[in-house]
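Undergrad: Give me coordinates for this.
(chains A, B and C)
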Amino acid sequence: MMASLWQYVLAGLVSGAIYALVAAGFVLIYQVTGIINFAQGEYVMIGAMTAASLASAGMAPVEAGALGIVAAAVVGGLSYLLAIRPARSRGATGVTLIFITLGLDVALRGLGLIIWGTNPLSLSAFSGGSSISIFGGVIQPQALWVLGADMVVFALLYIFFQRTYAGTAVRAAVASPAIASTFGIPLRTFAFWSFVAAAAIGGLGGVVIAPITSATYDMGLTFGLAGFVAAVLGGLESLPGALVGGFVLGIAEKVSGGLVSTGWEQGVGFIILVLVLLLRPQGLLGRAVRQA
Amino acid sequence: MPRSAASYAIGGFILFAVIAIAVWFIPPYYTGLITLVGIYALVTIGLNLFMGYAGQVSLGQAAFVGVGAYTSAVITVKLQWSPWLGLIAGGIVAALVAYGLSFVVLRLRENLLALATLALGIVINVVFNEWDFLGGSSGFSGIPSFALGHFTFDLRAHAILSWFLVALGLAFAGQLVRSNFGRSLIAISAGELGAASVGIDAQRLKRQTFVLSAVYAGLAGGVYASYQTYIDPSSFGFLLSVTFVLMSVIGGIRSLWGAPIGAAIVVALTQVLQAVVPIVIPSARGDFQSFFLGVILIAMLVFLPKGLVSRFGEARA
Amino acid sequence: MSAALAVREITMRFGGVVALEDVSFDAEPGRVLGVMGPNGAGKTTLFNVISGVQKPTRGSVTLGATQLTGRDVAWIAGHGVTRTFQTPMMFWGLDVRESIAAALATREFGGIFPPGALRSLVPSGFGWARRRAADAALRERADELLVTMGIGAIAARPTESLSFGEERFLELARALAIEPQMLLLDEPLSGLNPDEVEIVLQTIVRARENGIGVLLVEHAVGELLSVADRVVVLDHGRKIAEGTAREVAADPIVIDAYIGDELG
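TA: Numbers count the residues shown, from 1 in each chain, chains lettered A, B, ... in the order given. Purely as a prediction, here's the structure:
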């Protein structure tokens, strides 16, 4: 019993790592623009599908992966330029923007269906070798790539925001957008790059998880919704929260999925979401939310 | 000029009459489509009340449709009662579920409300999938159709029924929004504090509107169940909820006439896309038309955020 | 009948800031109570506490025998205390007449929707004619109110098209529509031209004559003193003076507080 529990935890760490990446993308965009980008999960799908289809066409996995990330990043940038910016320049706010990202999500998923159809695509693992045993639990070598990607991304984010001039400027702009613009800090440019970065991060997540779960057309929805929950759980205004939220959610899902039934894996996430929204809307690591 | 309450009722019944006659002359396939448009329009009217008038968001409306459908299925299949009872029960149970959820959900605003309704919609869907009493992922089959005396409803009758309900729904909603209820809802959507300062109880009104939108959705679900005779959880998921939002936006979220118009446009478009796209792009599979629907949704929101109806007619519906 | 508003030991502390400390006073029906004080004195916070926008850390607000502390805004408005805001809160999407009708309905029908979930779901075909008649009566009453204030001409204008002054008038008319016992006005004169100021002042006087108690926060000290029966002065969250307009104007403590604000 304990052995399988530990196995579930390990599985949860792996999926949680991807949730953390998706959540980081949400938080990034939310912090810089105040928008909740419902399409965030689709960047995962685009990264995974692009890499998988390029690899099956003969490209080396690492190159295919890199192009997958680039593809996702490009789509992210286009999302901002074609959907968000025109709307905001026409004064769209609040609910309208929510619907726009919803439309973006649906459109990107449809695009995936048009290009790749419904068949899952597989991507070979980055490194060979047999499963690795940790304290009696077993994980695939690819899982280490997943966790590694997580560490790298969050380390880079930390360095960027805390240790570079650009990152400090972004933090200032986020804290006081009105003042920031009077100092000439280009909010629109930041918004654009936040979308590009969030998409790239999501795409990376898709690329590293594809060898484990294969690339499917609906993985965007699954990872997107889970990433949501993770982001809200950790605190929509907190990048460390995204990391924490991702792992907590991943583990909670796999444990309850193992103990109860796999169908409830998804349900657990949303029950957690509702509880968080009710009891602590600012999330585990967020500051108190202003109720206007 | 703002429309009078009566104009909704009159217009609704004229539309119903037109359709009731038209179904005798058009091919059965289109009759089926018309039935579907009617069912979706019914849901969208309720959604427009909640989103357009009260100014809230619901990304989980498909779940209420499902609740109505499953309730009706349980009543007619397991209890062997009349589908008419099932229909009414569908509306009632959906209302009860909405009432309960409203205490959880309506304290939240905008972004968080959107997330919460999304989440609850999915949780309800998971319940449909996991609860064996409801047939789990296989759903319910053998749901009986409506009947009046000895006459079992055929395709035409279902179309007539669904649009009869739309007409009723328009009439009821029309006189609601032309009354002080509608004014108060608009006041709330402008800003809850301003409304509260003259005594308008936003929470209560939002709750009533939420429940009302669930009734519309639940009734639609009841019709859907008997019309399709088979339901399963996959019919009531997130994508359907987004489709309702799309119908709402295209028609105009603060427009009651926008509901049937938006529903008709989306259904028609889906049909066209499913016919045309595979010819042009053979690799397209599955719900690929969602690409175009998504693009249209974005384009509408960017260029015509108030929907088509406000552009061509109905001022401040 | 008309009751006094009793504000007792209201203290408001958040995040290390003391916005209000131990503020107590009475506001009588049929009297105008001016609330003065330099910037940051806590006047708007005081209004927020009385009207229910914020809950005080300590203290109580009662209207006659009714305890208002801790209640929400709509409840308090329904029980006799309403307010206007520094920036008028308009009902975008409605026109002027409809905005007032929306407010009137809380008075006329005892609530926007008849209580009882079931009744609210009954198709109103059953009461159609009655509702239409009641609605027509509402709109007439709204027009009356507007004419009394001298702004009958704007009745059909959409709120989006109103000038700032007209927005202030509408907010005032809306507040009066619910026939409050106490009316809190938060800087109703700022941003108005002299003619508009005159209309608002006359409306205040008329309200007083009708037995409504008015609490008036206003930076235009001259106008405030011209219409106030009594004045309460706040500084840094505390009440530093209370009395008639003349007494307060001559009070050295008050003068000190204002000069301190100008220099400081």
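Undergrad: which ones are touching the nearest residue to A:Y158 once chain neighbours are set aside?
TA: Once flanking residues are discounted, A:Y158 sits nearest to A:L239: 7.6 Å by CB to CB, 6 or more residues apart in numbering or on different chains. (Each C-beta comes from the backbone N, C-alpha and C, glycine too.) Going by CB atoms under 8 Å, 6 or more residues apart in numbering or on different chains, A:L239 touches A:24, A:27-28, A:31, A:154, A:157-158, A:161.
Undergrad: any idea which of the residues you listed is the one closest to A:V207?
TA: Closest to A:V207 out of the contacts of A:L239 is A:A24 (15.2 Å), distances taken as CB to CB.
Undergrad: Check for me that the closest one belongs to a helix.
TA: Yes. Applying DSSP: H, G, I helix; E, B strand; the rest coil, one finds A:A24 inside a helix.
Undergrad: Just the buried positions in the strand or helix carrying A:V62, please.
TA: Assessed by DSSP states H and E, A:V62 sits inside helix A:61-78. Buried residues in helix A:61-78, counted by 16 or more other CB atoms under 10 Å in any protein chain shown: A:61, A:64-69, A:71-73, A:75-77.
Undergrad: How many residues are close by residue 30?
TA: Looking at chain A here, since you left the chain open. Look at A:Y30: counted by other CB atoms under 10 Å in any protein chain shown, it has 21 neighbours.
Undergrad: not quite, I wanted chain C
TA: Residues lying near C:G30 (other CB under 10 Å) number 15.
Undergrad: likewise B:A187?
TA: Burial of B:A187 is recorded as 31 neighbouring residues (other CB under 10 Å).
Undergrad: possible to save the contacts of A:L239 as TSV with pLDDT and secondary structure?
TA: Output for the contacts of A:L239, formatted as TSV (pLDDT from 0 to 100; DSSP: H, G, I helix; E, B strand; the rest coil):
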residue	pLDDT	secondary structure
A:A24	94	helix
A:V27	92	helix
A:L28	92	helix
A:Q31	86	helix
A:F154	92	helix
A:L157	90	helix
A:Y158	88	helix
A:F161	84	helix
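Undergrad: is stretch C:182-202 up against chain B anywhere?
TA: No. Legend: contact between stretch C:182-202 and chain B by CB under 8 Å from any CB of the partner chain is lacking; minimum distance shown is 9.3 Å.
Undergrad: count of neighbours near the closest residue to B:T76 other than its chain neighbours?
TA: The shortest distance from B:T76 to any non-neighbouring residue, by CB to CB, 6+ apart, is to B:G86 (4.5 Å). B:G86 is flanked by 26 other residues according to other CB under 10 Å.
Undergrad: ok, now which ones touch B:G86?
TA: Taking CB under 8 Å, 6+ apart, we find B:G86 in contact with B:71-76, B:222, B:225-226.
Undergrad: Using the three-state scheme, assign the closest residue to chain B within the stretch 1-150 of chain C.
TA: Proximity to chain B, evaluated over the stretch 1-150 of chain C using CB to the nearest CB, is greatest for C:M89 at 3.0 Å. Classification of C:M89 by three-state DSSP places it in coil.
Undergrad: Leaving out chain neighbours, which residue sits closest to it?
TA: Nearest to C:M89 is B:G194, by CB to CB, 6+ apart, at 3.0 Å.
Undergrad: do the same with C:H79
TA: Among residues not flanking C:H79 along the chain, C:T66 sits closest, at 5.8 Å (CB to CB, 6+ apart).
Undergrad: if we can go back for a sec, and the residue nearest to A:Y158, what pLDDT?
TA: On pLDDT, A:L239 comes in at 88.
Undergrad: can you check the one 3 residues further on too?
TA: Note for A:A242: predicted pLDDT of 92.
Undergrad: tell me the contacts of it?
TA: With contact set as CB under 8 Å, 6+ apart, A:A242 has these partners: A:20, A:23-24, A:26-27, A:230-231, A:234.
Undergrad: again, only using 10 Å
TA: A:19-28, A:154, A:157, A:201, A:227, A:230-236, A:283, A:285 (CB atoms under 10 Å, 6 or more residues apart in numbering or on different chains).
Undergrad: same check, this time on A:V75
TA: A:39, A:42-43, A:46-47, A:50, A:104, A:108, A:111, A:195-196, A:199-200, A:202-203.
Undergrad: from the residues you listed, which is closest to chain B?
TA: Proximity of the contacts of A:V75 to chain B, judged by CB to the nearest CB, is greatest for A:L111, which lies at 4.8 Å.
Undergrad: Can you classify the nearest residue to C:R238 once chain neighbours are set aside as helix, strand or coil?
TA: Closest residue to C:R238 apart from its sequence neighbours, by CB to CB, 6+ apart: C:E21 at 5.1 Å. Following three-state DSSP, C:E21 is assigned to strand.
Undergrad: where does C:E21 land on pLDDT?
TA: pLDDT, read off for C:E21, is 91.
Undergrad: so it sits right up against C:A41, yeah?
TA: No. Using CB atoms under 10 Å, C:E21 makes no contact with C:A41, being 11.2 Å away.
Undergrad: Look at those two and report which has more neighbours.
TA: C:A41 (25 against 19).
Undergrad: Number of residues surrounding the closest residue to that one other than its chain neighbours?
TA: Closest residue in space to C:A41, ignoring its immediate chain neighbours: C:L234 at 4.1 Å, by CB to CB, 6+ apart. The number of residues packed near C:L234 is 25, by other CB under 10 Å.
Undergrad: C:L234 - that's part of a strand, no?
TA: Yes. Judged by three-state DSSP, C:L234 forms part of a strand.
Undergrad: So in terms of bridging, what pairs with it?
TA: C:K239 (DSSP bridges).
Undergrad: Quick check: it touching C:S24?
TA: No. C:L234 is beyond contact range of C:S24, at 11.6 Å (criterion: CB under 10 Å).
Undergrad: Of the contacts of A:V75 - the most surrounded one?
TA: Counting neighbours by other CB under 10 Å, the top entry in the contacts of A:V75 is A:G202, with 37 neighbours.
Undergrad: Check which residues of the host helix or strand of it are buried.
TA: Per DSSP H and E, A:G202 falls inside helix A:187-213. Buried positions in helix A:187-213, judged by neighbour count with 16+ other CB under 10 Å: A:187, A:190-213.
Undergrad: Please apply the same query to stretch A:114-134.
TA: For stretch A:114-134, the neighbour count (16+ other CB under 10 Å) marks A:114-117, A:120-121, A:123, A:125-126 as buried.
Undergrad: one step back: residue contacts, the residue nearest to C:R238?
TA: Residues in contact with C:E21 (CB under 10 Å, 6+ apart) are C:9-13, C:42, C:57-59, C:234, C:236-239.
Undergrad: Many thanks, have a good one.
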